[in-house]
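> no sequence on hand, only this structure:
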Ligand code: 26M
């Protein structure tokens with residue numbers, strides 16, 4: 001029996017203290033006298049990582065030795081957010097480590113805030129991938145996430161004079177203690193060039209691809225811990241590097257600068273995350289990124305599969321590969337190429353393997369967001385893949401023709417190639433044909449997918465389609481972000497709810513307990529106080545923590561209708577101006593979100609929010625009853641601060657436009673009430689929490705379609721609703737723009753003459769619902785009951801539930817316990 005704990009695994013206070021000091025010296029090369037806060041943060045992070053490593057190693061070993069099926073989640077984005085607190089919670093050592101850090105004379109909160117969050121995603125889709133990785137580990141499902149190690153993640157946002165300014169996100173500048181490069185597992189990816197047909201020694205027709213560029217993919221692995229289990233899965237992100245200087249010697253004699261330039265161009269592939277633009281413009285680098293990470297990942301999986309001594313015929317029994325939207329859908333053609341060209345498998349068998357391997361999740365119905373690439377771009381970058389896509393298409397359309405003779409319109413719609421004008425490859429069609437399972441991300445979304453965007457595919461293969469309503473991880477979105485509420489809940493019902501969120505139902509038993517309601521209300525109040533302090537310290541705006549915190553945080557987009565929220569604010573402001581002594585429920589309107597850099601209208605909406613805020617916040621008539629704050633640089637870390645502090649969650653997209661939404665879930669789990677339309681997962685949230693605990697407004701999807709088809713005229717609403725007219729006229733008059741009547745004209749004109757997202761049609765219904773919110777908030781006892789019921793009934797929206805459904809209905813994956821021998 002040893003008296004000393006291992007420095008890298010031990011969990012006694014003394015050992016952790018020693019480990020911190022050791023890591024400071026041996027990894028950072030610093031002693032306390034010279035150490036910066038970042039040095040201490042790094043030492044702390046390594047101390048935590050050390051405690052994950054034997055679990056990580058063991059997990060990986062079991063997966064490679066045992067014949068287990070591994071889920072492979074392919075995603076161009078993983079919006080992870082800070083690792084430190086999340087890992088501490090999952091390892092069950094948060095309080096312990098915090099104490100040790102503080103006993104060492106350090107400021108734990110300060111160190112925690114030093115971590116640069118990996119913002120390797122735009123929004124919902126990337127954050128969903130991160131929540132799913134957490135649940136896969138927690139459920140002990142063998143899984144690996146594959147993606148891109150962007151050197152620059154989503155840009156940082158600053159607000160100057162009310163406008164958004166983008167700053168590059170240098171998240172790696174001080175090093176990343178959470179990743180380990182695996183240089184020996186580097187993979188080569190080919191680009192461009194041409195193909196050549198030939199006959200092999202058995203006189204079989206074959207094609208070889210002679211590329212004009214080879215790029216290396218270097219894997220960087222990040223451990224993904226599960227909550228309260230030994231499983232630590234891997235997130236493997238690929239970095240592009242130019243192959244060693246062989247080019248210099250053999251091929252580029254005399255063209256040194258040309259060779260250097262090619263090296264730089266290769267390494268550009270993983271430089272920067274593309275912000276999702278309103279339009280899918282043919283960006284060659286984007287397709288290069290997609291093919292690069294997908295090819296690396298599939299080659300990696302094949303290597304792992306062959307290492308087990310298996311033949312490729314059983315590849316789909318080793319890996320279930322999920323396509324997170326169409327971004328990785330080139331994988332369908334790439335797996336076919338690898339199987340047919342490189343491993344000489346017959347086409348039909350390769351196609352069986354491919355279809356059995358892939359599942360495809362769709363995340364959007366917006367037609368402008370459906371990915372397509374021009375044939376010329378495709379041919380230049382991936383000449384062999386274009387041939388393979390043609391071959392897939394020919395065989396596929398043959399089947400369609402047999403089933404629906406003489407239906408050329410249907411054929412044109414189903415084709416992998418869009419030939420209606422300039423020719424394109426349609427990535428959603430490729431993903432649909434190449435997958436055995438297709439799913440939407442909320443019940444309504446899946447129904448609309450089956451009816452509209454993928455209607456022809458649904459008619460052809462109804463059995464491929466299913467719904468998998470999104471979920472979010474309660475570890476990060478309750479336990480890490482809202483420890484006060486988590487502790488209150490645990491005191492009432494024990495800790496099991498953290499991995500069995502349906503247990504929150506047990507809170508309903510305490511609804512008549514006045515003391516519990518008081519604690520619940522007080523907790524929310526305390527958290528609102530923290531946010532108020534943060535806003536004051538960081539942005540200099542005084543907000544009243546007693547006021548109703550009305551929050552809309554999400555990417556800026558017209559369909560999400562942040563400007564409808566603004567119309568409500570102006571409506572209230574107008575009421576005060578018309579009658580300064582009016583009874584009004586004090587409110588703080590909190591906004592956050594980034595606009596795509598090229599999306600002019602979204603940026604103008606940010607300017608409008610700030611301009612309205614300037615007027616409202618500084619008008620003495622308002623007497624601080626209304627405050628409007630746009631908090632810059634909304635990201636995962638700020639989400640963790642704001643969801644717990646919200647009273648009201650704004651989920652106000654035009655019905656039929658928001659595929660699911662996941663912020664809606666984070667708010668409600670933390671006891672916010674929702675004002676929302678019948679869109680995405682709002683519908684299911686309302687079903688769960690009860691219609692009496694949800695503020696509903698607006699047209700239904702059917703009504704939106706109906707109104708569109710019979711001719712929607714926003715002008716009529718403007719003229720028939722004096723309140724709406726006053727609000728719009730106030731913006732047009734230059735009241736919020738120092739008399740400038742041009743500034744907001746594009747926005748106002750778009751509403752008056754087009755209003756594609758039907759703000760005017762929903763305006764009155766929204767205002768009425770907001771008036772009900774005010775009434776409800778005045779009865780704090782009643783509001784608290786509704787708040788508790790919202791949180792208590794959110795069990796369905798745990799990502800654990802979502803992942804279980806994927807495992808059972810799409811991946812055929814089962815848990816594998818990881819045992820640590822003593
Ligand atoms: C495309 C091309 C080039 C560059 C970027 C893109 C691109 C990147 C991300 C396009 C769309 C992207 O994300 C879409 C997205 O986040 N969709 C959201 O997915 C969530 C998770 O399912 C849903 O909850 C949201 O409703 C849906 O909008």
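Yes, it's here. If you're wondering where the values come from, they're calculated on a predicted model, not measured in any experiment. Residues are numbered from 1 along each chain as shown.

> is the residue lying closest to residue 241 once chain neighbours are set aside in a helix, a strand, or coil?
Leaving aside its sequence neighbours, residue 241 sits nearest to residue 216 (CB to CB, 6 or more residues apart in numbering; 4.6 Å). For glycine as for every other residue, the C-beta is placed from the backbone atoms N, C-alpha and C. Secondary structure for residue 216, judged by DSSP: H, G, I helix; E, B strand; the rest coil, is strand.

> could you check how far residue 216 is from residue 75?
Separation of residue 216 from residue 75 (CB to CB, to the nearest Å): 21 Å.

> give me the more crowded residue out of those two.
When residue 216 and residue 75 are compared for neighbours, residue 75 comes out ahead with 28 against 19, by other CB atoms under 10 Å.

> contact partners for the more buried one?
By CB atoms under 8 Å, 6 or more residues apart in numbering, residue 75 lies in contact with 125-126, 129, 145-147, 324-325, 327-328.

> so where do the helices sit in the stretch 301-450 of the chain?
315-318, 331-337, 347-357, 375-381, 383-403, 408-414, 427-434, 443-451 (DSSP state H, counting those that start in this stretch).

> in the first one, what's buried?
Right, the one you point to is helix 315-318. Within helix 315-318, the residues that count as buried by 16 or more other CB atoms under 10 Å are 315-316, 318.

> likewise the fifth one?
For helix 383-403, a neighbour-count test (16+ other CB under 10 Å) marks 383-389, 392-393, 396-397, 400 as buried.

> do the same with the last one
When neighbours are counted by 16+ other CB under 10 Å, the buried residues of helix 443-451 are found to be 443-446, 448-450.

> rewinding a little: of all the helices of the stretch 301-450 of the chain, which one is nearest the ligand?
helix 443-451 (7.6 Å; CB to the nearest ligand atom).

> give me the three-state assignment for the closest residue to residue 93 other than its chain neighbours.
Nearest residue to residue 93 in three dimensions, chain neighbours excluded: residue 11, at 6.5 Å (CB to CB, 6+ apart). Three-state call for residue 11 (three-state DSSP): coil.

> again with residue 275
Applying three-state DSSP: residue 275 is coil.

> can you give me the strands in the stretch 1-150 of the chain?
70-74, 143-148 (DSSP state E, counting those that start in this stretch).

> okay, now the residue nearest to residue 93: neighbour count?
As a measure of burial, residue 11 has 13 neighbours, counting by other CB under 10 Å.

> ok, it touching residue 51?
Yes - the criterion here is CB atoms under 8 Å, and residue 11 meets it with residue 51 at 7.4 Å.

> could the buried residues of helix 383-403 go into JSON lines alongside distance to the ligand?
JSON lines is the format used below for these (distance: CB to the nearest ligand atom, whole Å):
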{"residue": "383", "distance to the ligand": "22"}
{"residue": "384", "distance to the ligand": "23"}
{"residue": "385", "distance to the ligand": "18"}
{"residue": "386", "distance to the ligand": "20"}
{"residue": "387", "distance to the ligand": "24"}
{"residue": "388", "distance to the ligand": "22"}
{"residue": "389", "distance to the ligand": "19"}
{"residue": "392", "distance to the ligand": "22"}
{"residue": "393", "distance to the ligand": "23"}
{"residue": "396", "distance to the ligand": "25"}
{"residue": "397", "distance to the ligand": "27"}
{"residue": "400", "distance to the ligand": "28"}
